[in-house]
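> what would the 3D arrangement of this be:
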Amino acid sequence: MAGFESKNMKTKILAYLLLPVAVYARDERSIRDSVPPGAKKSHHKPAVSKVQYGIASYYADKFEGRKTYTDEIFCQDSLTGASNTLPMHTWVRVTNLRNHQSVIVQINDKMHPRNKRLIDLSRAAATRLGYAGRGLTRVRIDVLGKERPPDAEEEMAVRQPGQD
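Residues are numbered from 1 along each chain as shown. Reported below is the predicted structural model:
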């Protein structure tokens, strides 16, 4: 009988020690997750920074003719890009920090989730930025919004240095 009382006593001691921890953790979660009366909890994503800096690459030829994230057919001759940090259908100005050439593209695709680059551009955009022979370059991205900018042309949406 002594062995039974010993196990029972250990269980009771553990329960008395752990119960306050469990109650405290539950109360902390409810306080943290509570919303003041009249306020609504926000479930939207944080705002995208208007200017971003990072590395740009360009699509491999194997993606030609495939569907993008937005169900458009990818074409190396279009001025489009893929990004994991920018919303779909956003217009951006991408500036090559090496030669200061820029191009306006629309984001219509996502990159692989593990890809750490900022943007992946079509070959046409990479050529206009002057890094198609290199493969990668450091860029600045200015977010222009969801509406097509007036200076975004169909095929030649490129700005030369000094045109700002």
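> pop the domain breakdown of this structure in here.
Domain assignment for the chain by automatic domain parsing gives 1-34, 51-159.
> now the ones you listed in CSV, with mean pLDDT and mean neighbour count?
The C-beta positions use only the backbone N, C-alpha and C, and glycine is treated the same way. Converted to CSV, these look like this (pLDDT from 0 to 100; neighbours: other Cβ atoms under 10 Å):
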stretch, mean pLDDT, mean neighbour count
domain 1-34, 56, 9
domain 51-159, 89, 17
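> what sits up against stretch 132-147?
By Cβ atoms under 8 Å, 6 or more residues apart in numbering, the residues outside stretch 132-147 that reach it are 48-58, 86-87, 89-98, 104, 117-119, 123, 126, 129, 131, 152.
> ends of that stretch, what's the gap?
End-to-end distance for stretch 132-147: 28 Å, by Cα to Cα, to the nearest Å.
> got it, and stretch 117-130?
Chord length of stretch 117-130, first to last residue, is 18 Å (Cα to Cα).
> same question, stretch 111-127
Distance across stretch 111-127, first residue to last, is 20 Å (Cα to Cα).
> again with stretch 88-103
18 Å.
> from here on, count from 25
OK, 25 is where the count begins now, so the last one is stretch 112-127.
> what lies in contact with that stretch?
Here stretch 112-127 makes contact (Cβ under 8 Å, 6+ apart) with 72, 77, 80, 93-94, 103, 105, 110, 128-132, 134, 143, 145, 149, 152-155, 161-173, 176, 181-185.
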